[in-house]
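Peer 1: Pasting a predicted model and its sequence here:
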Amino acid sequence: MNIEQNKNEDAMKMAISRMNQQLQKIYEAGGKARIEKQHKQGKMTARERIAYLVDPGRPVFEIGAFAGYEMFEEYGGCPAGGVIAVLAYVSGRLCLIAANDATVKAGAWFSITGKKNLRLQEMAMENRVPIIYLVDSAGVFLPMQDEIFPDKEHFGRIFRNNAVLSSMGVPQIAAVMGSCVAGGAYLPIMSDEAIIVDGSGSIFLAGPFLVKAAIGEKVDKETLGGATTHTEISGIADYKVPDDKAALDKIKHLVDKMGHCNKAGFDRISPREPKKAKELLNCILTPGNTKPYDMMHIIESLVDHSELVEYKAGYGKTIICAYARIDGWAVGIVANQRKVVKAKKGEMQFGGVIYSDSADKAARFIMNCNQKKIPLVFLQDVTGFMVGSRSEQGGIIKDGAKMVNAVANSVVPKFTVIIGNSYGAGNYAMCGKAYDPRLIIAWPTAKIAVMGGDQAASTLLQIQIASLKKQGKKITTAKEKELLEKITQRYEHQTIPYYAAARLWVDAIIEPVETRKILSMGIEMASHAPITKTFNPGVIQT
C-alpha cells in the first residue's frame, strides 16, 4: 500500500468513525431513563425485541437508522424515526421487521415514522417478503397531525398497504406489545395473525379518558382493550401470551410453518470471495473525493473472485458495464468510471461524466440484463451528463433519455450504491431513489445534490446578489465573500449522506466493506418475487 492509499484509508476510517459515533447516539433512542422505565414495565426495548427475534449469527441489515436525523429538534428529536426497521432472518426465512420504539415519544408517529413504515411495506410488496410488526405506539404525534394524517403518503396509507399485501398473499404478523390505539388499532387486525401480550398490550380506537369524554362511560384499560378482552370476547387477537419473549417465540413458530412461493429464478452458484481484499475499498477514494480513480478497483473488490466480463469495453468508457457475480448471484453492473479516459477519436473525457456513447452503451446493457433476467447493480459516482454545444448537437439529451427510459422501465430488480457524487440527472440515469431501486445505500463519502457545491454556490450567489441590487442595496467584495461562504456552507450541508438518510432518500449509510453482504441480502430478498412483466421501454429515439 502506497502513501496516498494510506491517506485515503485514514480519511475513510475517520468518516466511518464519525458515522458510528452518530449511530451510537441514535441507538440510545429516547435515553437511558426511558429505556429503564420500559424495563420496569416488564417490556423489552424495540432493539432488544428485534435482537431476540432474529436468527443468531445471520446477517441483519438495518433500514433507515438515520431517519429523522437532525430533524424535529423543536420536539426533542426523533431518533431512527421512532421505529426500528430491519431486513433479517427469522426461523431461517428472510423477513422485514418494523418495531415501534416506545422510548421515543411513546412510539408516536412523526411524519418520518410514516414514511419509514411505508418504505418497509413497499419493500415487502415489491419483493413478496413476509413483514412483521412489533407494535408499541401511542398513535399519531398530535402536534404534527397535519403532516402525518390525511395525505396519500401519510398514516392511512399503512392500512391500505396492509390490505394490498394481504391480497398479494404476502404474510403479515403483528405482535401488540404495548399501546395500539386509534387508527393504529387497524394494523394488527389487517395483518394475517395478531398476538397480544397480557398486561402490557392493548388495542382500542379510543382510550379510557377519551371514552369518558365522548360517551361518559367509565372503563379501565384492560376491560376496554386488554389481552383477555381481545382473545376471549372480541376475537380481534389470535394469541394471548404472558410477556414479550413469549410473543417473539410465537412469531418464530408461525414463520417456521410458512409455505414457500415461486422464486424469480435469478442464477446463483457457490460464492467465491474476491481476490482483492474488501478492505481495499477503504483506500480508493481521496479525502473529499477530489481526485480521479479507477472504478474497476472497487468492482474487483466486490465481485466473486474479482472476475467480470466487461460489455463494450472499448466504447463509452465513462460508464463501465459488466457481468459478474456477487456472493454467487449473477448481476449486471453499471458503474461510473472516475478516471480520465480516451474516447474513440483519441480525445480525453472527464471521469464521472456521462457522455452520449456511455449513455447509449448503458441503455443497451440494461436491456440485455432485462432480456436475460439478471439483477442490476448501479455504482454511482456521477457528476452529471456532459454539457456544451458539441454535446448538445451530438444528442446528449436524446441518449440520456434513452438510458433513463431503460432504467425506468426495467423489470429486473435494481440496487444502487452511492459511492461518491450523485449529481443532477446523473442521479436519475444511475437509478436514484426516484427510479425504484429495491435497495439504495450510500457510503459515508456520498454526496447527493442537483449539482456540485461550487457551481451551485456560485449560481445561488448571483441570484441573491441580483435580488439585493434590485432592492437598492450595495454589495461590497467583503459582503459578497460573506454571502458565498454562508451559501456554500448551507448547500454543502444539504449534500452530505446524513441529510439524505434523514429523509430516507437512501435506505442506509454503510461501511464500504459491508457493500457485498448487503447487496447479496437484497438480491436474495428480490428473488422471492417472480418477474411477471415484460420489459417494454416504450418510445426510444435512435
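Peer 2: Sure thing, it's come through.
Peer 1: Please save the CA atoms from stretch 188-198 in CSV.
Peer 2: Output in CSV follows, covering the C-alpha atoms of stretch 188-198 (Å, rounded to 0.1, in the frame of the first residue of the first chain):
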residue,chain,number,x,y,z
PRO,A,188,-52.9,-5.9,13.8
ILE,A,189,-56.4,-6.7,12.6
MET,A,190,-55.5,-6.2,9.0
SER,A,191,-52.5,-8.5,9.5
ASP,A,192,-52.9,-12.2,8.9
GLU,A,193,-52.3,-13.1,12.6
ALA,A,194,-52.2,-11.0,15.7
ILE,A,195,-50.5,-11.7,19.0
ILE,A,196,-51.1,-9.6,22.2
VAL,A,197,-49.1,-9.5,25.4
ASP,A,198,-51.2,-9.9,28.5
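Peer 1: Other residues contacting it?
Peer 2: Contacts made with stretch 188-198 from outside it, assessed by C-beta atoms under 8 Å, 6 or more residues apart in numbering, are listed as 133, 135, 159, 162-163, 166, 171-178, 180, 203, 226-228, 230-231, 236-244, 246-247, 250-251, 254. For every residue, glycine as well, the C-beta is placed using N, CA and C.
Peer 1: for the stretch 251-400 of the chain, what spans make up the strands?
Peer 2: For the stretch 251-400 of the chain, the strands identified by DSSP state E, counting those that start in this stretch occupy 308-310, 319-326, 329-336, 341-342, 348-349, 353-354, 376-382, 384-385, in order along the chain.
Peer 1: tell me the angle of the third one relative to strand 376-382?
Peer 2: Regarding strand 329-336 and strand 376-382, their directions subtend 20 degrees when assessed with axes from the mean of the first three to the mean of the last three C-alpha atoms, to 10 degrees.
Peer 1: Report the distance from strand 329-336 to the chain centre.
Peer 2: Using C-alpha atoms, centre = their mean, to the nearest Å, the mean C-alpha position of strand 329-336 is found 19 Å from that of the whole chain.
Peer 1: same check, this time on stretch 258-277
Peer 2: Computed by C-alpha atoms, centre = their mean, the separation of stretch 258-277 from the middle of its chain amounts to 21 Å.
Peer 1: Helix or strand: which one has the most far-flung residue of the chain relative to its centre?
Peer 2: No residue in the chain sits farther from the centre than residue 472, which is 46.7 Å out by C-alpha atoms, centre = their mean. Counting by DSSP states H and E, no helix or strand carries residue 472.
Peer 1: swap in residue 67?
Peer 2: Applying DSSP H and E, one finds residue 67 in no helix or strand.
Peer 1: if we can go back for a sec, identify, out of the strands of the stretch 251-400 of the chain, the most deeply packed stretch.
Peer 2: Each of those was assessed for mean neighbour count using mean count of other C-beta atoms under 10 Å. The highest is strand 376-382, with a mean of 27.
Peer 1: Check the offset of that one from the chain's centre.
Peer 2: Centre-to-centre, strand 376-382 and its host chain are 15 Å apart (C-alpha atoms, centre = their mean).
Peer 1: quick one, that strand and strand 319-326 angle?
Peer 2: In this structure, strand 376-382 runs at an angle of 140 degrees to strand 319-326, with the same axes, to 10 degrees as the basis.
Peer 1: same for strand 376-382, what does it pack against?
Peer 2: With contacts defined as 3 or more C-beta pairs under 8 Å, 6 or more residues apart in numbering; DSSP states H and E, strand 376-382 has these neighbours: helix 295-302, strand 329-336, strand 414-423, helix 424-429.
Peer 1: Quick one: closest of these to residue 507.
Peer 2: Within the helices and strands packed on strand 376-382, the stretch nearest residue 507 is strand 414-423; the backing value is 9.4 Å (C-beta to C-beta).
Peer 1: Name every strand pairing with the closest one and say which way it goes.
Peer 2: Strand pairing for strand 414-423, determined by DSSP bridges: strand 376-382 (parallel), strand 439-442 (parallel), strand 447-449 (parallel).
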